[in-house]
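Visitor: Dropping the sequence and predicted coords here.
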Amino acid sequence: MLSKARIKLIQSLNLKKHRSELKLFVVEGKKQVTELLTSNYHINCIVATPNWANAFAQDIKNNTELIIVTAEELKKISLLQTPQEVLALVEVLELEFTPEILKEQFTIVLDGIQDPGNMGTIIRIADWYGIKNIVCSNDCVDVLNPKTIQATMGSFARVNVYYTALDELFNNNTLPVYGALMHGESLYQTRISEQGVLLIGNEGKGISNELLPYITNPITIPRVGKAESLNAGIATAIICDARARFLELGN
């Protein structure tokens with residue numbers, strides 16, 4: 001049975017301050033929770049309809065509590081407009097950034113990304129292209145925001161997301177830094193290396209002025225039409241795809 005205290009706890013995790021205090025966050029949806037079952041995350045509790053429980057109960061670890069509820073009960077506690085059979089309370093993985101994380105890797109660095117959907121999309125893109133680490137400025141949206149987790153479609157379980165002061169990161173970096181700008185070398189004429197950093201700026205303001213000097217390779221996605229700018233997630237996908245093509249062709 002779902003107690004009133006547990007209901008209050010779940011609903012409180014819609015706010016970052018409670019996620020930070022309690023070291024817990026909510027994951028909802030069949031795909032996302034199923035991905036969690038084989039991840040390094042510890043699932044504190046799963047709240048599910050009989051349908052989901054019958055299909056996946058054998059995959060749940062012994063130290064995870066399973067609570068069976070009706071669809072109506074799940075709807076009352078869900079942080080989504082449309083609940084999807086299952087909700088999990090998950091313990092936060094404490095990740096601390098160190099400069100060594102950048103070594104022998106290609107890393108996406110995000111400067112001031114504010115939209116949870118954009119953040120989730122970028123995590124999903126990183127997962128698609130085999131990029132294991134994303135580093136965020138401290139003013140980026142919380143990766144554990146329910147909308148961000150939902151937008152990742154389970155990819156958050158395979159991509160490490162760190163938060164740190166970006167000036168400190170770049171002061172210790174020796175790899176090429178590709179900065180996505182409105183003016184720079186055409187992406188399609190740039191040979192993006194296997195190891196390096198892709199810097200993506202805020203949705204409205206772009207890359208912070210104080211970070212511009214760290215960019216060694218300013219790049220731009222050539223504009224053919226008249227749109228003013230591209231969504232941060234879309235820009236990230238285009239650049240990652242171009243890099244994958246260069247690596248595949250051996251350029």
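Guide: Now that the structure is in, tell me what you want to look at.

Visitor: secondary structure class for Thr38?
Guide: coil (DSSP: H, G, I helix; E, B strand; the rest coil).

Visitor: For it, which residues are in contact?
Guide: Each residue near Thr38 by CB atoms under 8 Å, 6 or more residues apart in numbering is listed here: Asp59. Where C-beta positions appear, they are placed from N, C-alpha and C, glycine not excepted.

Visitor: ditto for Val161
Guide: Neighbour list for Val161: 95, 123, 133-136, 143 [criterion: CB under 8 Å, 6+ apart].

Visitor: just Asn14 next, same as before
Guide: By CB under 8 Å, 6+ apart, the contact set of Asn14 is 26, 79, 146.

Visitor: Quick one: low-confidence residue ranges for the chain.
Guide: Applying pLDDT under 70 to the chain flags the ranges 249-251.

Visitor: how about the strands in it?
Guide: With strands called from DSSP state E, the chain shows them at 24-28, 43-48, 65-68, 86-91, 106-110, 133-137, 160-164, 177-186, 196-200, 217-220.

Visitor: any chance of the contacts of Asn14 in CSV, plus distance to Leu36?
Guide: Listed next are the contacts of Asn14 as CSV, based on distance: CB to CB, whole Å:
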residue, distance to Leu36
Val26, 11
Leu79, 16
Pro146, 14
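
Visitor: Can you say which of those are buried?
Guide: Neighbour counting with 16 or more other CB atoms under 10 Å marks 26, 79, 146 as buried within the contacts of Asn14.

Visitor: For the first one, name its beta-bridge partners.
Guide: Right, Val26. Here Val26 sits in beta bridges with Leu89, as judged by DSSP bridges.

Visitor: how much space between it and Leu15?
Guide: From Val26 across to Leu15, the span is 11 Å (CB to CB, to the nearest Å).

Visitor: that older thread, among the contacts of Val161, who's most crowded?
Guide: Using other CB atoms under 10 Å as the neighbour test, those are led by Ile123, with 30 neighbours.

Visitor: And the helices in the stretch 51-200 of the chain, which stretches?
Guide: Along the stretch 51-200 of the chain, the segments classed as helices by DSSP state H, counting those that start in this stretch run 71-77, 116-128, 146-152, 166-171.

Visitor: and these as a markdown table, adding distance to Phe56?
Guide: Below are the helices of the stretch 51-200 of the chain laid out as a markdown table (distance: least, CB to CB, whole Å):
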| stretch | distance to Phe56 |
| --- | --- |
| helix 71-77 | 15 |
| helix 116-128 | 22 |
| helix 146-152 | 19 |
| helix 166-171 | 39 |
